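*Asks:* predicted model follows, preceded by the sequence.
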Protein chains: 2
Amino acid sequence: MLLSMSRAFEDFPVGTRLVSSSWTVTAEEIIDFARKFDPQSFHLDAKSAEKTLLGGLTASGWHTGALSMRLFVDAMNVPGGMIGLGVDELKWPNAVRPGDELRVETEILSARRSKSRPGYGIIRIHNVTKNQRGEVVQSFMANAMLPVRGS
Amino acid sequence: MLLSMSRAFEDFPVGTRLVSSSWTVTAEEIIDFARKFDPQSFHLDAKSAEKTLLGGLTASGWHTGALSMRLFVDAMNVPGGMIGLGVDELKWPNAVRPGDELRVETEILSARRSKSRPGYGIIRIHNVTKNQRGEVVQSFMANAMLPVRGS
């Protein structure tokens, strides 16, 4: 029974749609990520962020990307792992602010077996991250390689 | 003197090239990032990573993206901040492994004043992250908005 719950390439035919669980973003984690990876005023400090174009503390786009990856990995649940081959049209149309509750919606756009690596398949995904009001905070297309069952 | 060192849109005409400082990646930070954002075996544990296609512990692509953002932000040195508008052709052609020393090479592909926001300019950049052997571990194109001087 446990084995049948382990997902692999075959479980994601074209047209498959998934919705992840949710993650509520805090000011503390926005600032912590920004200190390490994107030390700009609108990601670091609520007061000075108010004076910027973004009008308040917002998450780094790379933070939104990383949080979305976590929600996506958990939703896909592929123990053999997924290797990202590339991302296109990565956009952040709305800011992520403290208290926002994020979910990732995934659609499988294509799925084919790898020619060069027989034990693997390649899927093309459209990932959209939305906040609690249904506003899109991130979207992209990506190709990823994942194992076929039993390989 | 200090003011003249603050960079803004005008300091990045087409063809400008920058090379960032370097960052040496540790196994600990690869695992720490993966636990939070990309919990897959090849990013979490050296032993089990050896059995995967990647042949050992490797950084999440989103970790490479975040580290590259830090190197880029420090190299650009724009106190007014840069707001990312979108990323294209994000690729990870070689894995990032513990001990790798990363640098980001930036080229400004285009630069124009914003029509809708008079105090800002929009630059298109090509960012390439290389390791200590000169191998490309990440590349992308992106548009970013940044303030013009004195605005």
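*Replies:* Okay, I see it. Residues are numbered from 1 along each chain as shown, chains lettered A, B, ... in the order given.

*Asks:* can you give me the strands in chain A?
*Replies:* Listed from the start of the chain, chain A has strands (DSSP state E) covering A:17-19, A:23-24, A:83-91, A:101-113, A:120-130, A:136-147.

*Asks:* parallel or antiparallel, list what pairs with the fifth one.
*Replies:* Read that as strand A:120-130. If you go by DSSP bridges, strand A:120-130 pairs up with strand A:101-113 (antiparallel), strand A:136-147 (antiparallel).

*Asks:* I'd like the ones you listed as CSV, with distance to residue A:8 appended.
*Replies:* C-beta: built from backbone N, CA, C; applies to glycine. Compiled in CSV, the strands paired with strand A:120-130 are given as follows (distance: least, CB to CB, whole Å):
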stretch, distance to residue A:8
strand A:101-113, 11
strand A:136-147, 6
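
*Asks:* burial of residue A:9, as a residue count?
*Replies:* Taking other CB atoms under 10 Å in any protein chain shown as the criterion, the count of residues near residue A:9 is 24.

*Asks:* chain B contacts on chain A?
*Replies:* Contact residues, chain A versus chain B (CB under 8 Å from any CB of the partner chain): A:33, A:36-42, A:52-54, A:60-63, A:65-67, A:69-70, A:73-74, A:79, A:81-92, A:117, A:120, A:145.

*Asks:* quick one: buried ones out of those?
*Replies:* Neighbour-count burial within the residues of chain A next to chain B applies to A:33, A:36-42, A:52, A:54, A:60-63, A:65-67, A:69-70, A:73, A:81-87, A:90-92, A:120, A:145; the criterion is 16 or more other CB atoms under 10 Å in any protein chain shown.

*Asks:* report the central residue of chain A.
*Replies:* In chain A, the C-alpha closest to the average C-alpha coordinate belongs to residue A:68, at a distance of 2.7 Å (CA atoms, centre = their mean).

*Asks:* residue A:84 versus the residue lying closest to residue A:93 once chain neighbours are set aside, what's the distance?
*Replies:* Nearest residue to residue A:93, sequence neighbours excluded (CB to CB, 6 or more residues apart in numbering or on different chains): residue A:136, at 5.3 Å. According to CB to CB, to the nearest Å, residue A:136 stands 21 Å off from residue A:84.

*Asks:* low-confidence regions, chain A specifically.
*Replies:* A:1-5, A:151 (pLDDT under 70).

*Asks:* state the distance from residue A:12 to residue A:75.
*Replies:* Per CB to CB, residue A:12 is found 11 Å from residue A:75.

*Asks:* so for these two, which residue has more residues nearby?
*Replies:* A count of neighbours by other CB under 10 Å puts residue A:12 above the other of residue A:12 and residue A:75, at 21 against 16.

*Asks:* for that one, give me its contacts.
*Replies:* By CB atoms under 8 Å, 6 or more residues apart in numbering or on different chains, the contact set of residue A:12 is A:76, A:108, A:111, A:123, A:146.

*Asks:* now the residues you listed as TSV including neighbour count?
*Replies:* As requested, the contacts of residue A:12 are arranged in TSV below (neighbours: other CB atoms under 10 Å in any protein chain shown):
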residue	neighbour count
A:76	21
A:108	17
A:111	19
A:123	23
A:146	22
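
*Asks:* okay if I get these as a markdown table plus distance to residue B:7?
*Replies:* Below are the contacts of residue A:12 laid out as a markdown table (distance: CB to CB, whole Å):
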| residue | distance to residue B:7 |
| --- | --- |
| A:76 | 41 |
| A:108 | 43 |
| A:111 | 46 |
| A:123 | 41 |
| A:146 | 43 |
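
*Asks:* which of those sits closest to residue A:25?
*Replies:* Looking at the contacts of residue A:12 and their distance to residue A:25, the nearest is residue A:76, at 21.1 Å (CB to CB).

*Asks:* the closest one touches residue A:123, doesn't it?
*Replies:* No. In terms of CB atoms under 8 Å, residue A:76 does not count as a neighbour of residue A:123; the distance is 9.5 Å.
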